[in-house]
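In: pasting a predicted model and its sequence here:
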Amino acid sequence: MKWMVASASGMAGLQAMENMAAALARGKNPPALIWINDHGTDVNLLALLGNEVPEFLDLIQVHWNVMEHDGLMPTLHTPGPPPKNQVPILVVEQIPPFLVKSDPAENPLLKILRTSKAVIQLGTDACFGGMAIPPERVAQFDLLCRELKTPVIKLPGVPTPPHHVVGVLAHLEFFGFPRLDGHRRPLIFYGETVCQHCEHQGDLQRGRFAKHYGGKGCLLNLGCKGPITHNTCSKQHWNGGQNWCVGAGGPCTGCSEPGFPEHNGLGLFGKLSGSIAGVDPGVWGNIERIGLGILGLAAGGVLLQGLRKFFAGEGENRSEGTMRPPREEN
């Protein structure tokens, strides 16, 4: 139950629970989930996410009618049509070249794409390209979805956090389409940066920066991409909730952002500029020294004020000691 309503809150959560209860009461005909996997990298993402969160596979396989197909071997694993009276959800972790360069009449996947309730692009490569999938192929696929008027939801990450997958599927099934950002990412999971909830947020505000990996302080000077990375890693950690990249002493690499892993030439560990990170460029390079200087000025100001009060008091005492008493009138 908590997984199914993880993406909703307040009255929306009550409505989602009501929709879920009604769906579970009907529950003999689970919705079709057509999963185009990426076996070309020797990684079964379903198994990987199930290993991260054991409940994941149970939820997916029990509630949704999963039909898994190998995206790189279409002739051996041609997906059949979904069950009658079902609008499928297409999950794509691999965008096969044939999918964007074929006649819709000859390609069963394109027929499914045309009739799907939504397409969920799973993982940063399927969302934006850049590693195993060329960005141009992703752009072609996005254009194809627009032409077919099939809604697209992107869930980037290396890999995508399991609760993002279940949360979005639950939202679609029991509540409707989630609100999306400009990159088609759900705001419920990608609406904030990891920097906003990072344990080093106080260090950033005080200008305390780590000088080496594993050192104390904010990791921005070591190339952390936290200020520009939208994800939930700093709130819902990996390894069963035990830790995440920054918590382990390494900088965030921005794996859920467009342009990963190059980041416009910065690479994984290149330092963000002050303007991109949201810090005044004139302050960025000298923030520690400026902080110490401000502290020194404040201390100097307190000392100066004290000296002024001291000498002002001494002057009043001297004046009082030499003042003549007023003359009495006869």
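Out: Received, thanks. As the structure is a computational prediction, the values presented were derived from the model and not from experiment. Numbering: from 1, shown residues only.
In: what's near enough to touch Ser116?
Out: Applying C-beta atoms under 8 Å, 6 or more residues apart in numbering, we find Ser116 in contact with 34, 87-90, 150. C-betas here are computed from N, CA, C, even on glycine.
In: ok, 10 Å please
Out: Ser116 is in contact with 32, 34, 82, 87-91, 145, 148, 150-151, counting by C-beta atoms under 10 Å, 6 or more residues apart in numbering.
In: pull out the buried members of those.
Out: 32, 34, 82, 88-91, 145, 150 (16 or more other C-beta atoms under 10 Å).
In: among those, which lie within strands?
Out: Counting by DSSP state E, the members of the buried ones among the contacts of Ser116 that fall within strands are 32, 34, 89-91.
In: which among the residues you listed gets closest to Thr124?
Out: Proximity of those to Thr124 was ranked by C-beta to C-beta; the top entry is Val91 with 15.0 Å.
In: the closest one and His164 touch, don't they?
Out: No - using C-beta atoms under 10 Å, Val91 and His164 do not qualify as a contacting pair, with a distance of 11.9 Å.
In: for the protein, give me the ranges with low pLDDT.
Out: Within the chain, the ranges that satisfy pLDDT under 70 run 1-30, 38-55, 57-59, 61-62, 70-85, 98-106, 274-330.
In: what about Glu262, neighbour count?
Out: 12 (other C-beta atoms under 10 Å).
In: please name the nearest non-neighbouring residue to it.
Out: Distances taken as C-beta to C-beta, 6 or more residues apart in numbering place Gly130 nearest to Glu262, at 6.9 Å, with adjacent residues excluded.
In: was I right about the one you found contacting Gly254?
Out: No - contact criterion C-beta under 10 Å: Gly130 and Gly254 do not qualify, at 11.5 Å.
In: who has more neighbours out of these two?
Out: Neighbour tally, Gly130 and Gly254, criterion other C-beta under 10 Å: the higher count belongs to Gly254, 25 against 16.
In: one step back: closest to Phe189 among the buried ones among the contacts of Ser116?
Out: Val91 (15.7 Å).
In: state the distance from the closest one to Gly270.
Out: To Gly270, Val91 is 33 Å away according to C-beta to C-beta, to the nearest Å.
In: sorry, back to before: I'd like the contacts of Ser116 as JSON lines, with distance to Leu219 appended.
Out: Putting the contacts of Ser116 into JSON lines (distance: C-beta to C-beta, whole Å) gives the following:
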{"residue": "Ala32", "distance to Leu219": "43"}
{"residue": "Ile34", "distance to Leu219": "40"}
{"residue": "Pro82", "distance to Leu219": "46"}
{"residue": "Val87", "distance to Leu219": "45"}
{"residue": "Pro88", "distance to Leu219": "42"}
{"residue": "Ile89", "distance to Leu219": "38"}
{"residue": "Leu90", "distance to Leu219": "38"}
{"residue": "Val91", "distance to Leu219": "33"}
{"residue": "Cys145", "distance to Leu219": "37"}
{"residue": "Leu148", "distance to Leu219": "43"}
{"residue": "Thr150", "distance to Leu219": "40"}
{"residue": "Pro151", "distance to Leu219": "37"}
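In: burial of Gly267, as a residue count?
Out: Around Gly267 sit 11 other residues, with neighbours defined as other C-beta under 10 Å.
In: ok, the nearest residue to it once chain neighbours are set aside to Lys216 distance?
Out: In space, and not counting its chain neighbours, Gly267 is closest to Pro261: 6.9 Å by C-beta to C-beta, 6+ apart. Relative to Lys216, Pro261 is positioned 27 Å away (criterion: C-beta to C-beta).
In: comparing the two, which residue is more hemmed in?
Out: Neighbours of Pro261 and Lys216, each counted by other C-beta under 10 Å, are more numerous for Pro261; the result is 15 against 12.
In: my guess is the more buried one meets Ala132, correct?
Out: No - the pair formed by Pro261 and Ala132 falls short of the contact definition of C-beta under 10 Å, at 11.8 Å.
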